[in-house]
Each structure stands twice: as structure tokens, then as C-alpha cells.
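> give the three-dimensional model of this entry:
(3 chains)
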Amino acid sequence: MEAFLDHLALGFTVAFTAQNLGLAFIGCLIGTLVGVLPGIGPIATITMLLPITFGIEPVGAIIMLAGIYYGAQYGGSTTAILVNIPGEVTSVVTTLDGHQMARQGRAGVALGISALGSFFAGTVGTLMVAAVAVPLTRLALLFGAAEYTALMVAGLAFAVVLARGSILRAVAMIGLGVLLSTIGTDLDTGVERMTHGVASLADGLDFAVLAMGLFGFAEVLRNLEAVERRDVVSQPIGRLLPTREDLARSIGPVLRGSVVGAILGVLPGNGAVLGPFASYALEKRLSRTPERFGTGMIEGVAGPESANNAGAQTSFVPLLALGIPPNAVMALMVGAMTIHGVVPGPLVMTRNPSLFWGVIASMWIGNLMLLVINLPLVGLWVRFLAVPYRLMFPAILLFCCIGIYSVNSSPGDVVVTAGLGLAGWAASKLGFEGAPLLLGFVLGRLLEENLRRALVLSRGDLATFVERPISAGLLAVALLVVVVAVVPAIRRGRNEVFTT
Amino acid sequence: MERLIAVAVLVAAALTTSPALAAWPERPITMIVPFAAGGPTDVVARIVAENMSRSLGQQVVIENVAGAGGTTGILRAAQAAPDGYTIAMGHMGTHGAAPAVYPDLKYDPVKDFQPIGLAAGTPIVIVTRKDFPAKDLRALVAAIKAGGEKLNEAHAGVGSVSFTTCSLFNSLAGARPTRVVYRGTGPALNDLVASQVDYMCDQIVNLVPQIQAGTIKAYAVALPERSPALPDVPTTTEAGLPEFQVTAWNAVFAPKGTSPEVVKKLSDALLKALADAGTRKRLLDLGADLSLTWAQTPGGLQKLVESEVKRWNKVLKPAAK
Amino acid sequence: MGPGMLPRTVATGIGLAGLAICALAFLKDGPALGRWPLRGPVVVTLAVIGFALTIRTFGLAVAGPLVMIVGGAASPESRPRELVVFALVMTALAIGLFRYLLSLPIPVLIVPGLVTI
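Numbering: from 1, shown residues only, chains lettered A, B, ... in the order given. Okay, here's the model as predicted:
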């Protein structure tokens, strides 16, 4: 315990220098900005800002880049709530209830609770990184291909719970998402699958392309259809901050979301993406009114937003303690650290304690800064909703186009997104939702990769999934989740199940 | 509206001088890196580009165009106007192994480029899980050969550096392991640390911290002399597999047809960067290999590319599934 | 177990789900099919394709106003003059934001042989 406090003290001495505080603030500010802009994610931004950090000492540079990363997690929810575009994988769930709240004139409350929840979760996540980073790495090493496969199956089970209307349709959309994720060059054999010779599909669909097509463009098309659907603008702005009742309803979800997100974030196989989905499924399960989820329930915003931010903090564990990047942003962070002459690995903690603990301390400071940046911004963001839709949607089109183009500097991606927008619009007119598809897409790639790897390692023996205890446990959870979701629905009668 | 555009065009034209006669470079140069930011090639490109920017008097901007093992970005560079404003950082994969890995490759590494020069190589290390019993490289080769399909080799995807270099290693060792694919070196390394797989070959940059921490075991490094980053690890020559000589090299290319004056300026800037003490130190600190000086000129690089294409064709064609 | 294993399995599953949904449609009346007005989808798609075609050849200064003005015409409420001014202002803002603040490699304006920014 004493060593722990010493370490934290060291961390705060490093993080509290004027320069590092300034860098954390700049990072958080830029992160918020790119999080809000659809398409421009932390990856593109950190890439662009890398050269600027050349002149700064390593600790400061990493503090700033880390600020961009978790700042983007805060900012991403803003776009999800206000205009129903998930800027990041992790804010897909926020669109479900967050955007509905905005439609009811409660955008301010949704943004406020997401900032407060994120701050709390960030604190929990940071403490967890500081206290148990080392034992946590053992958890990371316990997860092999079979365990990840089981985890992804459990994730797909959560996706079924996510569904609002017909379960059958949701399952079909999840399947379609998985199918879309297999487009592109097969990792194992190098064979191109379902690309039809289109060069921009050779590496598969990009998440930003899919999300902006199905959510960004399709949402514009939906809104253009009927005047009465554009109720975002016609509603009074309403309260900016959550009421006491809102807070009371949110405490439980925030606590549970923080824990779920923090644990999943530790897994190096990009477990952090599951956090918000798992939290949403959990809240819906615990709620006395699960049928009202998707209509603007504050629990559906508070839980996932907390899980998302807790995961963002703990996903630094595999990087800092193990030297292994769990996702693309962290891989970039490795590059950044390498350029600065610090190669992340198991020894960073002992060889560069001031860097390790300084970065951790700065995470908490960064979260505090983000709260300070974001709460006053709520008023500003909400005011954007007063812009007439005839002007708002061309601006959304412009920002989406630039965002997609900038992902790979590829005009082909922009055309693909336009096509997906049409498809998404048609699907939603027929009662198919986009969120299960996006989840299927995100998990599908990880699922296939790990499934095939597990089978290669077991030489084709399916028993590997039940022989390994963690994998078996996760599969049992998945089964339970599906049964619990489907049985009451069937009991209610087929009329309600299979029609919206 | 029209008037506005006309005014904008005039203003913009006034701000930039006429390009026909002006001395190159008069605007920023784009260097295409065909991989995602943060990887070994990207890091080398950024360090070299920074110094080149200073001597060229214009910013060399890195544009990451990732995809299809780097061939997407390189194809774009091959098709760019040969005006010296688009260059690329190619590497062993895109300009050596690619023709053997991708049968319908849309560019020719030898004919479609004007080589500028080699930037830096990254040595390859052979590593195993930490509890692998073999005591040295000879024992490892024997164990791998005897183990056959029972052993698992991890690699980062068909066409990746770890895949191609380990294909060479396997063919030299006469090994036929089960090859397990990962999306990138990170996850592959994770499973090696966790002892889920047996061995892999990869660039030294990615491996040094784990080797030093003892979470994986290094058997040999493919270099003429021991690497300062890993003084205890023997070279492949010392360890008894001298045929395993391979580096993941990175080199600057311009599109075919770039004028000789521009090529000269680019080449001079690159050589100056590689001679600069600060730049050298940063590259060497990463474990980079700067010993192949003969390939740092346009002519030398041309020879390197020709020999590499031939070599990988021989190694990878029979190995292709 | 090859590259086609998972896609084929999943595709079969989706096909079956589709058949089930079709079959259920005959068993029970669902909500009435809505109208399918095409103005929005067609105009917006054309605008976005226009952006894709012009961004690398003419730059954002051309592609930006193009997507906003053509796309803006998708709404029956659009006011041409207001839209043009707004499009130019937003494009200028976007250029400042993306190219200069975030320094993304996006071409700003290209007039062949004359200007490249």
C-alpha cells in the first residue's frame, strides 16, 4: 500500500509540472474536437500530431497523445447524442437512448450525464490501472484464441438483447454485420473475398465508412422524408443539466458500467469495444421497464458511457505493463513512444517509473479537465440543435464526406459510404435497425479471426471451446443471456416477437 | 458566385509562383507510407523525412495509405505524376516479396519506379516462447524440423515481414510448422509471450523489450555483426545458419520518369539525412541497421530491388498455398 | 476450414432468417408500407458522388460547396441564396479546421497547371 502511494505521489509530481498540465489540456481539447467531428478519429489525429511532439520530452508527448485518445471518447458521444452519428465504435450504443433523449429536448441532460459518468468511470479506471496493473496483465495472458472466440460469442448474445423490435430481424442484422466484416482480403490465405474487384474493398470496409453510411447519411435521408420526424429542432432546448432524479437513476448504471468497462478494457484483444454493449445489456436486464429502453432512458446513456471511458483508461494496461497494444490507437501509441526512444515492454514500469506513473496520474487529471471542458460546452452543443435542418444537413454531409475521405485519402470510400447510406435508409424503412449490424460488424472480424486461430491451434477440434474453463464459462454466459432474452419474448406470444 | 471563384483563383495564383520555371521544390512534398502510422516503416519515414525537409527547404509530409500489405499505397505512388512532389517509402515487402505474394500486382517494383536510395533496414530476430527447450539455434532448427506440424509458428499475415522472413527460415531449416496468422505483430507477440505458440521471426524493434524482460527467448539475429541492442544474441553466421541473411529494409522511391535534377536533389537530401549524427542516432536507437551503404544511392537501390524480387520469388513461390 | 467457411455459414443463416421473415409476413398484417419518396436519396447520393469525383482533382474548395449546394437541394425547404452563402462559409471553416488546425493531407484547391494548395 505504501509503495502504491509512493508511486502515485511520483506520478503526480511528474504530471503536475506546468508543461505537462498544459500538454494534457491541449490533448484533451483536441481530443474532444476530433471526437465530435464524425470520421476524424484519434488515429488520424495522433498521426498528424506525431511530428509536433518530436520537440517535447517523452512523458509530455505521451500525456498529450493519451489526452487525445480519451478526449475523443468524450467527444464521440456528443455527435452520437446530437445527430445520431456514432463517431467511435464505442459510442454506437449511446445513439440508442442518447439520441432519443435529444429528440425529447433532453440533449443537455444526456450530454451532462455522459460527461459526469465518464469522469467517474475515468477515476475508477485510473485507480484500477494504478493499483492492479501488474496482476491484471496475468488476466491478459490467460486469454488465448478460444477465450476470445467465446467472448465474442457472448458479445453477439448481448447484441440480441440490444434489439428493440423483432428479435428475428435483429439476428438477421447481426448476421449481416458479421458477413460485411468478412469482406476484403482473407488474413490467413490472402484471398480476396466479396470485393468484386473494387480496390477500396480489398482491406475490408472501414468502421467509419459503415457507421457514417448507416447512421450519418441514412439518418439525413430519413429526416428529409417527413417534416414531423425532424422534431429535434422543434423541441424546446430544455434543461442543460441532469435533475436530482436523473442522477439518482444514473448512479447504479454508472457504477456497474465502470466496473464492466474497466475489466473488459484490460483484455489485449480489443475487449474495450464490448464494454458499452455489455453495460447496456446489463442495464436493460436489471431494469423494471426493459421495454422502454431505446426510447430515451437515461440508464441507457449513463451505463454505456461510463463503461466506454473506463475501458479507454484500462486499455492502457496491456500497453504499459505488457508492451502489447490492444487496438489501433494503442499501436500508434507504441509508435509514438518508439519515436521518443521509449519502447513499451514489460520493463517500462521498472526502468521508466516516472513515465509509467506520470502517464497514469495525468489520466486522472485529464479526466478532470475533460469534465471542466465538456460541462460548459453542453450549452453550446445544445444550441447547435436550433440551426434549421435545411442548413444542418448539408453541413453534416460536408463533415461526413471530409471525415470518410480522410480515413484513407480515398474517394472510393466516399462512394461506398453513399451506397451504404441508401441501403441503411431502405433497411430502416423496412424496420431493420442499424445498431445490431454495427455490433455484428465490429465483433465479426474478431470472432472469425479467433475462431479460425483457435481451430488451427487445436488442429480442428471443437472441444477446445468447452475444455478451457474461461472459454466454457463465457459460452455459458452467452447461452444464458440469449435464453433470458428470448424466453419471455416467446412467452409474450409470437405477435409481439416477430413484428415491431 | 462566378465572380467569387474568379477572385479566389486570382488570389491563389498570385500567392504561388508559376510552376513551370520555378526551382523544385516550391511546395510541400508528399511521402506516401504504405502502412498505418506508428509501425516500423512509418517511424523510419518520419525520422528521415524530418531531416530531408530541412535540407530541401520544403516540408516532406507523410501520408499513410495503408492496405493490401502496402501495395495500395505503392500503387498510388507508381501512378502519381513524376514531378517529385509525390514520393514513397517502399520496403522489403512492397518492392521485394509483393510480386510473389500477389499474383495480380498492378505495378512492377523494378520497372515502375525511379529509386532514390535505401533509408534503413531493421534486422530480423528468431524468437521462441520463453520455455522452449532448445539451447541454441542448431538445436532449435533440429527441434523445429523434428516437430513438423506439431509446432506453431506465429506470423502477422500473408505478405508481412514476419511471414516472408519466416518462410525463408522454414525453407532453410526444412521445417513445415503449422502457421498461425494474427492481425499484426502485437497480437502474435502476445500469444508468444503467453506460450500459446512456439516461435516467430520479426523485426528487432518489436522484440527487444520482451527479449530483455525474458518473456520470450531470442536465438539469433540476421546481421553481419551482433546488434548493439542485443549484445548477447549471436548472429545467424555465428549460430550456424549463415544462409539466413535478411533485413526488413525501407527505401525511398519516386515514380518512373522523374527528372534527373529532381532525383539528384532527393538523393542528396536522403544521403545528407543518413549522414546526420542526430538522425543516425535516432535510427540506431531503434535498432535500425545502416550498414548497407552501397544501396543508399539510386543505382545501388535498383540492384537491391532486382536481387530481392528474384530471391523472394524463389522462396515464396513454392511456399504459396 | 478455409476463407469461405464463416461467410457461407452466416449467409445461409441470413437467408433462412429472410425466408422466415417473409413467411411471417403472410401470417400476420404488419404496419402499412410507407411512401418511398426518392428526391432526397437521389439528390444526396449524387452530391456525395460529386464530392468523391472532385476532391482529388479540384480540391476541397470545389468539392465542399458542391456537396453542400447540390445536397442541400434535397430539402424542399432549401433557400438557394442562403444555401450558397452558408456552403462557402462552411467550406472555408472546414479548410481552416481540417487542413490548417488538424493538418490533414486534404487538397484545398487544384487548378491544373496553375495552382496546387
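> could I get the full set of strands for chain A?
Applying DSSP state E to chain A gives strands spanning A:184-185, A:192-193.
> quick one, which of the ones you listed is nearest to chain C?
strand A:192-193 (5.8 Å; CB to the nearest CB). (C-beta placed from N, C-alpha, C; glycine too.)
> same for that closest one, what does it pack against?
strand A:184-185 (3 or more CB pairs under 8 Å, 6 or more residues apart in numbering or on different chains; DSSP states H and E).
> any idea of the mean pLDDT for the strand it packs on?
When pLDDT is averaged over strand A:184-185, the result is 82.
> same thing with stretch C:39-46?
Rounded mean pLDDT across stretch C:39-46 is 92.
> just stretch A:240-249 next, same as before
What stretch A:240-249 shows for mean pLDDT is 86.
> what do you get for stretch A:160-174?
Stretch A:160-174 comes out at a mean pLDDT of 80.
> just the C-alphas of it, formatted as CSV.
What follows is stretch A:160-174 as a C-alpha-only set of coordinates in CSV (Å, rounded to 0.1, in the frame of the first residue of the first chain):
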residue,chain,number,x,y,z
VAL,A,160,-29.6,-9.8,-29.3
VAL,A,161,-30.6,-8.1,-26.1
LEU,A,162,-29.8,-4.7,-27.7
ALA,A,163,-32.6,-5.2,-30.2
ARG,A,164,-35.7,-3.2,-29.7
GLY,A,165,-38.3,-4.6,-32.1
SER,A,166,-38.3,-8.1,-33.7
ILE,A,167,-35.7,-10.4,-32.4
LEU,A,168,-35.6,-12.3,-35.7
ARG,A,169,-34.8,-9.1,-37.6
ALA,A,170,-32.1,-8.2,-35.1
VAL,A,171,-30.5,-11.6,-35.5
ALA,A,172,-30.6,-11.1,-39.3
MET,A,173,-28.9,-7.7,-39.0
ILE,A,174,-26.2,-9.0,-36.6
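> got the contact list for that stretch?
With contact meaning CB atoms under 8 Å, 6 or more residues apart in numbering or on different chains, stretch A:160-174 is reached by A:93, A:96, A:156, A:159, A:277, A:280-281, A:284-285, A:293-294, A:427, A:431-437, A:439-440, A:481-482, A:485-486, A:489, A:497-500, C:14, C:17-18, C:20-21, C:24.
> quick check: residues of the stretch 301-450 of chain A near chain C?
Those residues of the stretch 301-450 of chain A that sit near chain C, judged by CB under 8 Å from any CB of the partner chain, are A:388-391, A:393-395, A:397-399, A:401-402, A:405-406, A:409, A:411-412, A:414-415, A:417-419, A:421-422, A:425, A:429, A:431, A:447-448.
> repeat that for 6 Å
A:390-391, A:394-395, A:397-398, A:401-402, A:405-406, A:411, A:414-415, A:418, A:422, A:448 (CB under 6 Å from any CB of the partner chain).
> which residue, neighbours along the chain excluded, lies closest to residue A:439?
Take residue A:439 and drop its neighbours on the chain: the residue closest to it by CB to CB, 6 or more residues apart in numbering or on different chains is residue A:159, 4.4 Å away.
> my read: the one you found touches residue A:438, true?
No - between residue A:159 and residue A:438 there is no contact under CB atoms under 6 Å: 9.3 Å.
> so for stretch A:207-224, mean pLDDT?
Stretch A:207-224 comes out at a mean pLDDT of 86.
> span of that stretch from start to end?
Distance across stretch A:207-224, first residue to last, is 25 Å (CA to CA, to the nearest Å).
> need the three-state assignment for residue B:131.
coil (DSSP: H, G, I helix; E, B strand; the rest coil).
> who's in contact with it?
Residues in contact with residue B:131 (CB atoms under 6 Å, 6 or more residues apart in numbering or on different chains): none are found.
> could you do residue A:50 as well?
Residue A:50 touches residue A:336, counting by CB under 6 Å, 6+ apart.
> list the buried residues in stretch C:86-101.
Neighbour counts using 16 or more other CB atoms under 10 Å in any protein chain shown place C:86, C:87, C:88, C:90, C:91, C:94, C:95, C:97, C:98, C:99 of stretch C:86-101 among the buried residues.
> show me these that map onto helices.
C:86, C:87, C:88, C:90, C:91, C:94 (DSSP state H).
> how about those in TSV, adding distance to residue A:225 and pLDDT?
Shown next, in TSV, are those (distance: CB to CB, whole Å; pLDDT from 0 to 100):
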residue	distance to residue A:225	pLDDT
C:86	22	94
C:87	23	95
C:88	28	95
C:90	24	94
C:91	27	95
C:94	27	92
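> could you dump the residues you listed to a markdown table with distance to residue A:45?
Shown next, in a markdown table, are those (distance: CB to CB, whole Å):
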| residue | distance to residue A:45 |
| --- | --- |
| C:86 | 26 |
| C:87 | 26 |
| C:88 | 26 |
| C:90 | 21 |
| C:91 | 21 |
| C:94 | 16 |
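> list only buried entries from the contacts of stretch A:160-174.
Buried among those (16+ other CB under 10 Å): A:93, A:96, A:156, A:159, A:277, A:280-281, A:284, A:293-294, A:427, A:432-437, A:439-440, A:481-482, A:485, A:489, A:497-499, C:14, C:17, C:21, C:24.
> from residue A:410, how far off is the nearest residue to residue A:40 once chain neighbours are set aside?
Nearest residue to residue A:40, sequence neighbours excluded (CB to CB, 6+ apart): residue A:34, at 4.8 Å. Residue A:34 is 19 Å from residue A:410, where distance means CB to CB, to the nearest Å.
> neighbour count winner among the two?
The residue with more neighbours, out of residue A:34 and residue A:410, is residue A:34; 26 against 23, by other CB atoms under 10 Å in any protein chain shown.
> for chain C, list the residues in contact with chain A, please.
Counting by CB under 6 Å from any CB, the residues of chain C near chain A are C:1, C:3, C:6-7, C:10-11, C:13-14, C:17, C:24, C:30, C:40-41, C:45, C:48-49, C:51-52, C:55-56, C:64, C:67-68, C:71-72, C:74-75, C:77-78, C:86, C:90, C:98, C:102-104.
> from these, which land in helices?
Using DSSP H, the residues of chain C next to chain A in helices are C:6-7, C:10-11, C:13-14, C:17, C:24, C:40-41, C:45, C:48-49, C:51-52, C:55, C:64, C:67-68, C:71-72, C:86, C:90.
> show me where the stretch 151-300 of chain B has strands.
B:152-155, B:178-181, B:199-203, B:216-221, B:247-255 (DSSP state E, counting those that start in this stretch).
> relative to chain A, which of these is closest?
If we rank the strands of the stretch 151-300 of chain B by CB to the nearest CB, the stretch that ends up nearest is strand B:178-181, at 4.7 Å.
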